[in-house]
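Chemist: A predicted structure for the sequence below; I have some questions about it.
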Number of protein chains: 2
Amino acid sequence: MAIKLYELCGTEAERVFSPFCWRSRMALALKGLEFESVPWRFTETDRLAFAQHDKVPVLVDGDRAVTESWDIAQYLDAAYAQTVPLLRGNPAPYVFVAAWNDTVLQAGMVRLIVSDIPPLLDAKDRAYFFESREKRFGTTLAEVTADREARLPAFRASLQPLRHALRGRDFLGGDAPDYADCIVFGSFMWARSVSALPMLAGDDALHGWRERMLDLAGGVARRAPHFGG
Amino acid sequence: MAIKLYELCGTEAERVFSPFCWRSRMALALKGLEFESVPWRFTETDRLAFAQHDKVPVLVDGDRAVTESWDIAQYLDAAYAQTVPLLRGNPAPYVFVAAWNDTVLQAGMVRLIVSDIPPLLDAKDRAYFFESREKRFGTTLAEVTADREARLPAFRASLQPLRHALRGRDFLGGDAPDYADCIVFGSFMWARSVSALPMLAGDDALHGWRERMLDLAGGVARRAPHFGG
């Protein structure tokens, strides 16, 4: 029985745009595991009741349901031990990569692209999204991204640890990608899928790494619907 | 033959204050390896000629000299494989921890404490330090740290990935410390050794982790000469 991955999308089922879903998608790609994408929308919480969860990604493998991208990565390493390891036998140092990604990269990115998401959603999801996100930010989404062009340089500067870590290395995993690459690239795929705003300046040293990630596993990420570069 | 570690100090041999030396010192402590500290000052490059190097730490183990803290960690894991592993069999994800530490934590810290270092040095080292650091910063060291109290909140905010990574965990290494802890704690020991400026606010969640690190291996870090908290 094929692995199923419940993934976030809007009106267009192929345009998956949760950074956490992209982590799991890239994890499956790195491990060379086939899977069936199950489109899921923000307001379809009842469809995840079987997993006692209300968010995606949810991975279903036979009669096993695994929630949360981090637990999915650990599950895949354990269940498919003969494939490429994601966490290389030791999850601990990847926790810091995720912590930086969530609190710096992703926290910066959401304030650049969040207003690009509503047009991708149907009326019901759009209402949910506006309400939940405006509550989170304490203002309208248009306000959140109003000065985004002016904030791009600061966002790009915040990626310096990434540039530093990739000096002389093809991937965060070293010669080959691992789950650290999935975490960070997942955020970039989120932006690429929903927004035309260029996260990287034209001459950013990170382009090489991002292109390599786009090429992985036969270009699974490159082929996905996208707006941006 | 005991391991020797050449470490940076000033007039006081016991006050070791290079963040990179502290990484190696903590690495040796974690592994339970005895070593002899060899005090070294900025201008004593001739004393490192044997290692074809001009910076500390330099580790000497029998007839083997190892330079650079990162290479020392890998050497110790390879040469003392029966002791606690530092890089847990896979150095790749620790590179990102070091990249963040160097470009964010340490880059922020140096602009808070660099002017506290000259009083610890003798005349010759002090002249070298002023010249090299003023060239690096393009201004006087007094200027670099002039508004440091005002910049403390921004520095402390930049530690957010660390707080996030340590939620529900005792160490960056998880239940037990590993080289990720050595990297980040090394920077804190640098500040503690040279400056009374409090890097953390009184209620910072990072205190618990720092106290645990100070307690490691019989309190080797806690006993070191220090000014700050």
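Modeler: Received it, and whenever you're ready, just let me know what you need.
Chemist: what residues does chain A put near chain B?
Modeler: For chain A, the contact set with chain B under Cβ under 8 Å from any Cβ of the partner chain comprises A:88-100, A:102-104, A:160-162, A:164-165, A:169, A:172-174, A:178, A:180. All C-beta atoms are positioned from the backbone trio N, CA, C, and that covers glycine.
Chemist: pLDDT of stretch A:70-90, averaged?
Modeler: Averaging pLDDT along stretch A:70-90 yields 95.
Chemist: What is the end-to-end distance of that stretch?
Modeler: 13 Å (Cα to Cα, to the nearest Å).
Chemist: now stretch A:89-107
Modeler: Stretch A:89-107: ends 28 Å apart by Cα to Cα.
Chemist: can you map out the helices along chain A?
Modeler: A:19-30, A:69-79, A:92-100, A:106-113, A:123-137, A:141-144, A:148-157, A:160-165, A:179-194, A:206-219 (DSSP state H).
Chemist: And stretch A:12-23, end to end?
Modeler: Span of stretch A:12-23 from end to end, Cα to Cα: 20 Å.
Chemist: which parts of it are buried?
Modeler: A:15, A:16, A:17, A:18, A:19, A:20, A:21, A:22, A:23 (16 or more other Cβ atoms under 10 Å in any protein chain shown).
Chemist: Show residues contacting it.
Modeler: A:5, A:7-10, A:25, A:37, A:39, A:55-57, A:68-69, A:72-73, A:106, A:117, A:120, A:179, A:182-183, A:185-187, A:189-190, A:193-194, A:221, A:224-225 (Cβ atoms under 8 Å, 6 or more residues apart in numbering or on different chains).
Chemist: what distance separates it from the centre of its chain?
Modeler: How far stretch A:12-23 lies from its chain's middle: 7 Å, per Cα atoms, centre = their mean, to the nearest Å.
Chemist: cool, stretch A:51-62 as well?
Modeler: 16 Å.
Chemist: got the buried residues for it?
Modeler: A:51, A:53, A:55, A:56, A:57, A:58, A:59, A:60, A:61.
Chemist: Closest to residue B:110 out of the buried residues of stretch A:12-23?
Modeler: Proximity of the buried residues of stretch A:12-23 to residue B:110 was ranked by Cβ to Cβ; the top entry is residue A:19 with 32.5 Å.
Chemist: List the contacts of residue A:215.
Modeler: Per Cβ under 8 Å, 6+ apart, neighbours of residue A:215: residue A:222.
Chemist: rewinding a little: return the members of the residues of chain A next to chain B classed as buried.
Modeler: Counted by 16+ other Cβ under 10 Å, these give A:88, A:90-100, A:102-104, A:161-162, A:164-165, A:172-174, A:178, A:180 as buried.
Chemist: what about the nearest residue in space to residue A:163 that is not next to it in sequence, distance to chain B?
Modeler: In this structure, residue A:163 finds its nearest non-sequential neighbour in residue A:205, 5.2 Å apart by Cβ to Cβ, 6 or more residues apart in numbering or on different chains. Distance, residue A:205 to chain B, using Cβ to the nearest Cβ, to the nearest Å: 13 Å.
Chemist: what about residue A:205, neighbour count?
Modeler: 14 (other Cβ atoms under 10 Å in any protein chain shown).
Chemist: I figured it was touching residue A:166, is that so?
Modeler: Yes - applying Cβ atoms under 8 Å as the test, residue A:205 and residue A:166 come out as touching, 7.3 Å apart.
Chemist: Next one: residue A:191 from residue B:88, what distance?
Modeler: 32 Å (Cβ to Cβ, to the nearest Å).
Chemist: Residue A:128 now?
Modeler: 42 Å.
Chemist: How many residues are close by residue A:126?
Modeler: That count, for residue A:126 with other Cβ under 10 Å as the rule, works out to 18.
Chemist: Pull the contacting residues for it.
Modeler: residue A:118.
Chemist: Please pick the buried ones from the contacts of stretch A:12-23.
Modeler: Buried among the contacts of stretch A:12-23 by 16+ other Cβ under 10 Å: A:5, A:7-10, A:25, A:37, A:39, A:55-57, A:68-69, A:72-73, A:106, A:117, A:120, A:179, A:182-183, A:185-187, A:189-190, A:193-194, A:221, A:224.
Chemist: Quick check: the farthest pair among the buried residues of stretch A:51-62?
Modeler: A:55 and A:61 (18.1 Å).
Chemist: Output stretch A:184-195 in PDB, but only the C-alpha positions, please.
Modeler: Coordinates of each C-alpha in stretch A:184-195 appear next as PDB, following Å, rounded to 0.1, in the frame of the first residue of the first chain:
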ATOM      1  CA  VAL A 184      15.300  25.100   5.300                       C
ATOM      2  CA  PHE A 185      14.400  24.400   1.700                       C
ATOM      3  CA  GLY A 186      10.800  23.700   2.900                       C
ATOM      4  CA  SER A 187      10.500  27.300   3.800                       C
ATOM      5  CA  PHE A 188      11.900  28.500   0.500                       C
ATOM      6  CA  MET A 189       9.300  26.300  -1.300                       C
ATOM      7  CA  TRP A 190       6.600  27.800   0.700                       C
ATOM      8  CA  ALA A 191       7.600  31.300  -0.500                       C
ATOM      9  CA  ARG A 192       8.100  30.100  -4.100                       C
ATOM     10  CA  SER A 193       4.700  28.400  -4.200                       C
ATOM     11  CA  VAL A 194       2.700  31.500  -3.000                       C
ATOM     12  CA  SER A 195       4.600  34.600  -3.800                       C
END
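Chemist: Tell me the gap between that stretch and the middle of its chain.
Modeler: 6 Å.
Chemist: what is the rounded mean pLDDT of that stretch?
Modeler: In the prediction, stretch A:184-195 has an average pLDDT of 98.
Chemist: Contacts for that stretch next, please.
Modeler: Stretch A:184-195 is contacted by residues A:15-23, A:25-26, A:69, A:97, A:101, A:105-106, A:109, A:112-113, A:116-117, A:120, A:162, A:172, A:197, A:199, A:210, A:213, A:221, A:224-229 when judged by Cβ under 8 Å, 6+ apart.
Chemist: low pLDDT regions in chain A?
Modeler: Along chain A, segments meeting pLDDT under 70 span A:1, A:229.
Chemist: which residues sit against stretch A:54-74?
Modeler: A:1, A:3-8, A:18, A:20-21, A:23-25, A:27, A:35, A:40, A:45, A:48, A:50-53, A:75-76, A:79, A:86-87, A:91, A:98, A:179, A:182, A:186.
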